[in-house]
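S.K.: Model the following, please.
(one chain, ligands or ions: 2)
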Amino acid sequence: MNTDPPFVDVRNLHVNFTGGRKPVPAINGVDLQVRRGEVVALIGESGSGKSVTLRSLLRLHQKRHTQMHGQIIVGGVDVLGLTDAALADYRGKVASMIFQEPLLIIKMSQIRRTRSNGIAEGV
Ligand SMILES: Nc1ncnc2c1ncn2[C@@H]1O[C@H](COP(=O)(O)OP(=O)(O)O)[C@@H](O)[C@H]1O
Ligand SMILES: [Mg+2]
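M.R.: Ligands and ions are numbered 1, 2, ... in the order given. Purely as a prediction, here's the structure:
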């Protein structure tokens with residue numbers, strides 16, 4: 001059994017969007033643990049908060065219109081406590097994301113082709 005602490009450890013995460021006329025409580029008390037080497041599928045109906053949960057791992061929501069409470073630890077990093085500079089360093093070094101964007105698949109295959117030709121590095 002893998003007794004390492006989880007690589008991703010989300011506890012009691014709440015995200016409220018405050019940019020509109022009424023606040024939107026998008027997720028309310030999410031717990032999520034993922035260990036190294038583990039593959040996890042997040043499943044739920046449309047609008048249930050899957051994307052908001054995952055975007056929160058990289059703190060991608062607009063700061064001034066988003067309230068986040070709870071704990072997000074990724075690779076030992078306390079994500080909600082990061083300064084802007086440390087956040088920029090964390091993104092890409094500790095955690096990255098492949099977005100659910102169909103056209104990105106085409107772009108990624110182009111990047112791979114470019115790389116294998118040795119012409120350029122990827123983005
Ligand atoms: N930037 C935002 N501002 C306001 N509400 C949002 C924003 N992003 C997502 N939401 C709302 O949060 C809820 C969860 O959305 P989302 O995580 O995209 O759902 P899923 O990915 O499970 O389909 C939805 O009600 C959605 O309308
Ligand atoms: Mg989604």
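S.K.: Give me the buried positions along the helix or strand where residue 14 lies.
M.R.: If you go by DSSP states H and E, residue 14 is part of strand 8-17. Using 16 or more other C-beta atoms under 10 Å as the test for burial, strand 8-17 gives 8-10, 13, 15, 17. For glycine as for every other residue, the C-beta is placed from the backbone atoms N, C-alpha and C.
S.K.: Would it count as contacting ligand 1?
M.R.: Yes: on the criterion C-beta under 6 Å from any ligand atom, strand 8-17 is in touch with ligand 1 at residue 17.
S.K.: Check which element follows that strand along the chain.
M.R.: Of the helices and strands lying after strand 8-17 in sequence (DSSP H and E), the nearest is strand 24-34.
S.K.: if we can go back for a sec, could the buried residues of strand 8-17 be laid out in TSV, adding distance to ligand 2 and pLDDT?
M.R.: As requested, these are exported to TSV (distance: C-beta to the ion, whole Å; pLDDT from 0 to 100):
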residue	distance to ligand 2	pLDDT
8	18	97
9	22	98
10	16	98
13	16	98
15	13	98
17	14	98
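S.K.: Spatially, which two of these are the most separated?
M.R.: Using C-beta to C-beta, these reach their maximum pairwise distance at 9 and 17, which is 23.7 Å.
S.K.: For the strand holding residue 14, name the packing helices and strands.
M.R.: strand 24-34, helix 50-57, strand 66-74 (3 or more C-beta pairs under 8 Å, 6 or more residues apart in numbering; DSSP states H and E).
S.K.: Single out the most deeply packed of those.
M.R.: Greatest average neighbour count among those goes to helix 50-57 (a mean of 18), per mean count of other C-beta atoms under 10 Å.
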